[in-house]
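Any chance you can model this:
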Amino acid sequence: MDKVKAMQTFVRIVEANSFTKAAESLNLPRASLTTTMQNLERHLGAQLLQRTTRRLSLTQDGERYYEQCAAILAAIETAEADFLGVDGRRMQGRLRIDLPGALGRAIVLPRIAEFRRAWPGIDLSIGMGDRLVDLTGEGIDCALRVGELQDSSLVARRIGLMRFAVAATPDYLARRGVPASLDELAGHEGIVHFSGRTGRAFEWEFQEADGLRKVAVKGGIAINDADANLILALQGLGLTQLARYQLRAHADRLVEVLPGVPPTPMPVSLLYPQGRIANPRLRAFADWLAGVFAADPDLRLAHD
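The predicted structure is shown next:
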């Protein structure tokens, strides 16, 4: 029995809380994982998992063994990173990442070739979208996300700050006028952005001299996608709040309004499960991605 592989299988099952999900993330038959666990428990002379038709849980021995396995595997990853991290050509393996659609297409994917040249041995499996992903259950190594984070079970490395602007096409502003203050937004047509998860419309939040101010925008169209929001704005359908990198790319077709009252920026973070940062492939990608954001004036952290 390969003890390291058995430990990796056991840890993956525990983190996924499912034999089926663990098998999918490891690209192995479920029966293979069952056999590995049977052999491991026989070798240790202890039951590690309690399995029922509805539930999977650790026994007391399983909890102790999981903690030890996680520490051992992290130490192995760290040892490899110390050697492999020096030479990108020696780094091997696959990294599964998840990117938000608009930000991924505009900022990350156009520079992925740089990462591949630096780390040709790292294969990337890239998912795109803004849904909530179960990193451990789906076997995803890391996810890039915008906004304040809710899941405290994940580690978050803040790598950027997304800055926003309010803008519209010249023809819209010619028809409706240019707002001179936040109070005048009430008299304008706005493109409303809503949460695809909750259906709740997002208010626009601004940084005034005396604190934050939220404005409930009204309009005839609501959308839950950043790229779609841009497409609507370019048709002159109203004022919109969009990322500054989007405005930069369409500066010839959109005009910023209220530049003296900037919208509140949102943090951009790379999320990964506890203990996964020891993975040398993830460390290489995280450091590279942080450099991509640091080089962009509309996305870099405030202190960069």
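
Going by C-alpha atoms from here, please, whenever you check contacts or count neighbours.
Noted.

What residues are bridge-paired with the residue nearest the centre of the chain?
Geometric centre of the chain, nearest residue: residue 144, 2.0 Å, by Cα atoms, centre = their mean. Beta-bridge partners for residue 144, by DSSP bridges, are residue 270.

quick one, what contacts it?
Residues in contact with residue 144 (Cα atoms under 8 Å, 6 or more residues apart in numbering) are 97-100, 268-271.

Switch these over to TSV; also include pLDDT and distance to residue 291.
Shown next, in TSV, are these (pLDDT from 0 to 100; distance: Cα to Cα, whole Å):
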residue	pLDDT	distance to residue 291
97	95	17
98	96	18
99	96	16
100	94	18
268	95	13
269	94	13
270	94	13
271	92	16
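
In those residues, find the pair that's most separated.
97 and 268 (14.9 Å; Cα to Cα).

where along the stretch 101-250 of the chain do the helices fall?
For the stretch 101-250 of the chain, the helices defined by DSSP state H, counting those that start in this stretch cover 101-103, 112-118, 135-138, 170-176, 226-234, 244-249.

want to throw those helices into TSV with mean pLDDT?
TSV is the format used below for these (pLDDT from 0 to 100):
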stretch	mean pLDDT
helix 101-103	94
helix 112-118	95
helix 135-138	79
helix 170-176	97
helix 226-234	96
helix 244-249	97
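
picking up where we left off before, distance of the residue nearest to the centre of the chain from residue 249?
According to Cα to Cα, to the nearest Å, residue 144 and residue 249 sit 21 Å apart.

what do you get for residue 280?
34 Å.

between these two, who's got more neighbours?
Neighbours per residue (other Cα atoms under 10 Å) separate residue 280 from residue 249, with residue 280 holding more: 22 against 11.

What does the pLDDT read for the more buried one?
Residue 280 carries a pLDDT value of 84.

Was I right to think it contacts residue 79?
No - counting by Cα atoms under 8 Å, residue 280 stays clear of residue 79, with 9.2 Å between them.

got any ranges where the stretch 1-150 of the chain has weak pLDDT?
53, 78, 80-90 (pLDDT under 70).

Do a quick rundown of the strands in it.
49-51, 56-58, 93-99, 122-128, 142-146 (DSSP state E, counting those that start in this stretch).

could these go into TSV alongside distance to residue 18?
Listed next are those as TSV, based on distance: least, Cα to Cα, whole Å:
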stretch	distance to residue 18
strand 49-51	10
strand 56-58	7
strand 93-99	19
strand 122-128	21
strand 142-146	19
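
ranking the ones you listed by burial, who's on top?
Most buried of these, by mean neighbour count (mean count of other Cα atoms under 10 Å): strand 142-146, with a mean of 23.

how far off strand 122-128 does that strand point, in degrees?
Counting by axes from the mean of the first three to the mean of the last three Cα atoms, to 10 degrees, strand 142-146 lies at 40 degrees to strand 122-128.

Distance from the chain centre to strand 142-146, please.
1 Å (Cα atoms, centre = their mean, to the nearest Å).

For residue 15, give its distance to residue 255.
48 Å.

Kindly report the same for residue 204.
Note on residue 204: its distance to residue 255, by Cα to Cα, is 18 Å.

Please name whichever of the helices of the stretch 101-250 of the chain is nearest to residue 62.
helix 135-138 (18.3 Å).

Which neighbouring elements make contact with the closest one?
Under the contact definition 3 or more Cα pairs under 8 Å, 6 or more residues apart in numbering; DSSP states H and E, helix 135-138 sits against helix 3-16, helix 19-26, strand 266-273.

and these, which is most packed in?
Stretch with highest mean neighbour count among the helices and strands packed on helix 135-138: strand 266-273 (a mean of 21; mean count of other Cα under 10 Å).

which outside residues touch that strand?
135-136, 141-148, 153-163, 286.

Need the buried ones from the residues you listed selected in PyMOL.
This is the PyMOL syntax for the buried subset of the contacts of strand 266-273, where burial follows 16 or more other Cα atoms under 10 Å:
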select buried, resi 135+136+141+142+143+144+145+146+154+155+156+158+159+160+161+162+163+286
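
could I get the helices of the stretch 101-250 of the chain as a markdown table with distance to residue 66?
Listed next are the helices of the stretch 101-250 of the chain as a markdown table, based on distance: least, Cα to Cα, whole Å:
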| stretch | distance to residue 66 |
| --- | --- |
| helix 101-103 | 35 |
| helix 112-118 | 34 |
| helix 135-138 | 15 |
| helix 170-176 | 61 |
| helix 226-234 | 41 |
| helix 244-249 | 44 |
